[in-house]
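S.K.: let me see the structure of the following:
(one chain, ligands or ions: 1)
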Amino acid sequence: MKIRFKNYWRKTSLKKKEDGIFLLNHIKKIRPRNFLEIGVFHGVTSRNVCELLHELHGNKFKFTGIDLFENDTGKLDEEIAPNIHFSNPLKNIYYRYIVRRDPYSYQSVLGLLKKFKENVNIIKGNSNDVLKEIKTEVFDYIFLDGGHKYETVKNDLKNLMQVVNNNGTILCDDYDLSYAPGVKKAIDEYVLDNNFNLKILNSRFAEITKYLK
Ligand SMILES: C[S@@+](CC[C@H](N)C(=O)[O-])C[C@H]1O[C@@H](n2cnc3c(N)ncnc32)[C@H](O)[C@@H]1O
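M.R.: Numbers count the residues shown, from 1 in each chain. Take a look at the predicted model:
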């Protein structure tokens, strides 16, 4: 199976293809059936992950994604979803005048994932509330890429404790970003307080597990 990471003419935090491919290979090794992504944005990683899980398990997988989709309300918090505009003007024209749908919206992400509609659950809301409501679910793999403030990451990690499988993996993006130091601080504290294992992968991902793999 050749691993490819496509951007579907959208924006993603995994701008460098190598990072996307690294993430997909990491997921492939773990072969999760029940996947959670916190921070879906345009749905690029979600779609790539669904393609991979479908190759691995056919229809026997579940993908849950959570995002504020702040722009849906028209009240965009710059700190939450910075730079939603494309540097390529053609893409701005395409989404504004041709598709007439903001790619950073609940409906647009559902459209991108419609091929997997039986397997996908996209939840619009704040991870801090949503994670408390879905605590009956157990995920094998969680990609944490939502809010990057210290308090948000700290809360997300605390709430994830109830929804991650004992052998599960939490992979956090943007560990050690100079402009978002709260991510590293929250992760380091969480791992230390709970005596979990931490590995830094590909210089940007923090892998957290309860037991060494
Ligand atoms: C860096 S982007 C995610 C990128 C995406 N994972 C990818 O690979 O392309 C961060 C996303 O987290 C969302 N977000 C920020 N704070 C959040 C919160 N408290 N709850 C849910 N989503 C949040 C933002 O709306 C934004 O879409």
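S.K.: get me the contact residues on the chain for the ligand.
M.R.: 12-14, 37, 39, 41, 44-45, 66-68, 70, 80-81, 126-128, 145-147, 152 (Cβ under 6 Å from any ligand atom). Backbone N, C-alpha and C define where each C-beta goes, glycine included.
S.K.: rerun that using 5 Å as the cut-off
M.R.: Residues of the chain lying close to the ligand by Cβ under 5 Å from any ligand atom are 12-13, 39, 41, 44-45, 67-68, 80-81, 126-127, 145-147.
S.K.: helices or strands up against the least confident helix or strand in the chain by mean pLDDT?
M.R.: Using mean pLDDT, DSSP states H and E, helix 89-93 stands out as the lowest-scoring helix or strand of the chain, at a mean of 85. Here helix 89-93 touches no other helix or strand, going by 3 or more Cβ pairs under 8 Å, 6 or more residues apart in numbering; DSSP states H and E.
S.K.: residues in contact with Val191?
M.R.: 197-198, 208 (Cβ atoms under 8 Å, 6 or more residues apart in numbering).
S.K.: scan the residues of the chain next to the ligand and report the most crowded one.
M.R.: When neighbours are counted as other Cβ atoms under 10 Å, the busiest of the residues of the chain next to the ligand turns out to be Asp67, with 29 neighbours.
S.K.: out of everything not next to it in sequence, what's closest to Leu131?
M.R.: Spatially, and ignoring its direct neighbours in sequence, Leu131 is nearest to Asn159 (3.7 Å; Cβ to Cβ, 6 or more residues apart in numbering).
S.K.: give the buried residues for the strand ranked longest in the chain.
M.R.: As assigned by DSSP state E, the longest strand anywhere in the chain is strand 164-172. If you call a residue buried by 16 or more other Cβ atoms under 10 Å, then strand 164-172 has these buried ones: 164, 168-172.
S.K.: check the spacing between Leu167 and the ligand real quick.
M.R.: Actually, residue 167 is Asn rather than Leu. Applying Cβ to the nearest ligand atom, to the nearest Å, the value for Asn167 to the ligand is 23 Å.
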